[in-house]
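[1] coords please:
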Amino acid sequence: MDIRNKRIVVVGLGRSGFDAAILAHKHGAIAAVTDSCSEEKITQDIDVLKENFIEVEFGQHTEEFLSGTDIIVLSPGVDNNSLPVKYAFANSIPIISEIEFAYNFCKGKIIAVTGTNGKSTVVTLLGKMFEKDSKKYIVCGNIGNSFSGEIDNIDDDTFVILEISSFQLEKIVDLKVNIGCILNVTDDHLERYTSFDDYADTKARLFENQIESDIALINHDDKASKDLIIPGRGKKFFYSVTEEVEGAFVLNNVMYSKIDDDVKKLFDIPKTKLKGKYNLENICASSFMAISAGVNIEAVISAIEDFQPLAHRLEKFYEKDGIVFMDDSKATNVDATKRAIQSLDKKIILIAGGRDKGGDYLSVLPEIKEKVYKIILIGEAADKIFDVMDKKNVPVEKAGSMEDAIDRAIKIAQKDQVILLSPMCSSFDMFTSYKHRGEVFQRIVKERFS
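    Reported below is the predicted structural model:
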């Protein structure tokens, strides 16, 4: 992409927006950034932008600032009803996502993972597999370090392992992934999309520019993923932990591949800290992608054995008097909480709630009735969740804060029970992020016993 002397306006000054602006400047563009937040709330290094003569607009988006723009680069999460998006459509200005923008300068081979749940675990595990085999790789994207920010570290021999959200896929154009995977599609972000099908179809865009030599991997055990109409011309494979499929499958704790009806045993699943059916799915998907990219099986096995579950994802962080405390703050949708409950074999005191994302809370009732001893609700969605819970079978109460919820949970907890934070909601009513929410939860718990 030749952007020399073109005015590139980046909308949103988070990590990826900052990196996209710097990347645009390095390639000769007239870079600018607009963000609706006030300057005091911006966490990126404003001085670096100014030193590079990158113009910045704070506290609002204005048509005057956008005037003369050649390309708009949209940061993840920017609302499609925002002024820059409307202005671009009205003035026929191309809009692309930060992922798409970075792709135009990428020399490496791309392995990309999307899905409602499990993305970060899968891309991190993939990275460990490549590391064990001494292959050059970078894990980036939605996981934290942006694609734009890593471009200078990517050459022809680099495997770029991308975590991609639906927001990032909305504005792609030419992005082509060598190996792509959809892990699952469940109710999430329905406050943004017109329907579940709209959300699911956005996920499927991951494959739309693939050619015959590329791989499209889909979770056969997830009905919504399996039923997607897959665009592009990539070779379609499935993975499953319940039945034999064309692609990869796990039966009786043994992983197999099946390509053109040729079934091969790959390896016995080793002992691992990744527990539960959904993590077995993650192992299956990661292993097939790694092996398809040329990683040796010994490296795959070693990575699975050594892998440490990520923070705030069903993380056991404390135990006192036989009571286990688990932080699953990353469970920002109903399906993630359902998976967490399914994976535990003890009675649970569940702390849930936050900002509602349009999820179907009724769908988790069977798991709650089977394993949950009591539910304690916090946040904006507390009333909505309270109204749909089966209070005859599982007691439900509301708390005024995280501190209050923890104190209530500790007061009633018994030996061999789990106090589980698994919110089913986003964190933005009370916290800055799911990480902040999990950190506060862990800090308060530890303070209660110090």
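[2] how would you label Glu370: helix, strand or coil?
    helix (DSSP: H, G, I helix; E, B strand; the rest coil).
[3] mind checking pLDDT for it?
    Per-residue confidence at Glu370 stands at 96 (pLDDT).
[4] again, but for Ser450
    84.
[5] ok, Gly144 next?
    The score at Gly144 is 88. That number is its pLDDT.
[6] enumerate every residue touching it.
    With contacts defined as Cβ atoms under 8 Å, 6 or more residues apart in numbering, Gly144 is in contact with Arg15. Backbone N, C-alpha and C define where each C-beta goes, glycine included.
[7] the stretch 301-450 of the chain: strands as residue ranges?
    Ranges of strands in the stretch 301-450 of the chain, per DSSP state E, counting those that start in this stretch, are 315-320, 323-327, 347-352, 372-377, 396-398, 417-421.
[8] what about the last one, distance to the chain center?
    Yep, that's strand 417-421 we're talking about. Averaging C-alpha positions (Cα atoms, centre = their mean, to the nearest Å) puts strand 417-421 23 Å from its chain's average.
[9] again, but for the fourth one
    In terms of Cα atoms, centre = their mean, the centre of strand 372-377 is found 26 Å from the chain centre.
[10] relative to strand 347-352, how tilted is that strand?
    20 degrees (axes from the mean of the first three to the mean of the last three Cα atoms, to 10 degrees).
[11] hmm, who's touching strand 372-377?
    Identification of contacts with strand 372-377 by Cβ under 8 Å, 6+ apart yields 341, 347-353, 368, 385-386, 389, 394-399, 405, 408-409, 412, 417.
[12] quick one: buried ones out of those?
    341, 348-353, 368, 385-386, 389, 394, 396, 398-399, 405, 408-409, 417 (16 or more other Cβ atoms under 10 Å).
[13] follow-up on the earlier one: dump the strands of the stretch 301-450 of the chain into a markdown table; add distance to Ile297 as well.
    Formatted as a markdown table, the strands of the stretch 301-450 of the chain follow (distance: least, Cβ to Cβ, whole Å):
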| stretch | distance to Ile297 |
| --- | --- |
| strand 315-320 | 29 |
| strand 323-327 | 32 |
| strand 347-352 | 37 |
| strand 372-377 | 40 |
| strand 396-398 | 48 |
| strand 417-421 | 35 |
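[14] out of those strands, flag the one nearest Phe449.
    Closest approach to Phe449 among the strands of the stretch 301-450 of the chain is made by strand 315-320 (5.3 Å; Cβ to Cβ).
[15] quick one: list the elements packing against that closest one.
    Applying 3 or more Cβ pairs under 8 Å, 6 or more residues apart in numbering; DSSP states H and E, one finds that strand 315-320 makes contact with strand 323-327, helix 434-448.
[16] out of these, which is closest to Glu40?
    helix 434-448 (18.1 Å).
[17] which elements pack onto the closest one?
    Checking 3+ Cβ pairs under 8 Å, 6+ apart, helix 434-448 ends up next to strand 315-320, strand 323-327, helix 402-412, strand 417-421.
[18] compute the inter-axis angle for the last one and strand 323-327.
    Meaning strand 417-421. Using the same axes, to 10 degrees, strand 417-421 lies at 20 degrees relative to strand 323-327.
[19] next: the third one.
    Taking the same axes, to 10 degrees, one finds helix 402-412 and strand 323-327 inclined to each other by 150 degrees.
[20] got the angle for helix 402-412 vs helix 434-448?
    50 degrees.
[21] ok, the first one next?
    Put simply, strand 315-320 runs at 10 degrees to helix 434-448, going by the same axes, to 10 degrees.
[22] and strand 315-320, how far from the chain's centre?
    For strand 315-320, the distance to the chain centre is 24 Å (Cα atoms, centre = their mean).
[23] what residues sit buried inside it?
    Buried-residue list, strand 315-320, by 16+ other Cβ under 10 Å: Glu315, Tyr318.
[24] direction included, what does it pair against?
    strand 323-327 (antiparallel) (DSSP bridges).
[25] ok, for the most centrally placed residue in the chain, nearest residue in space, not its chain neighbours?
    Computing the C-alpha centroid of the chain and ranking residues by Cα atoms, centre = their mean puts Lys119 first, at 4.7 Å. Using Cβ to Cβ, 6 or more residues apart in numbering and skipping the chain neighbours, the partner closest in space to Lys119 is Glu163 (4.7 Å).
[26] for the one you found, give me the pLDDT.
    98.
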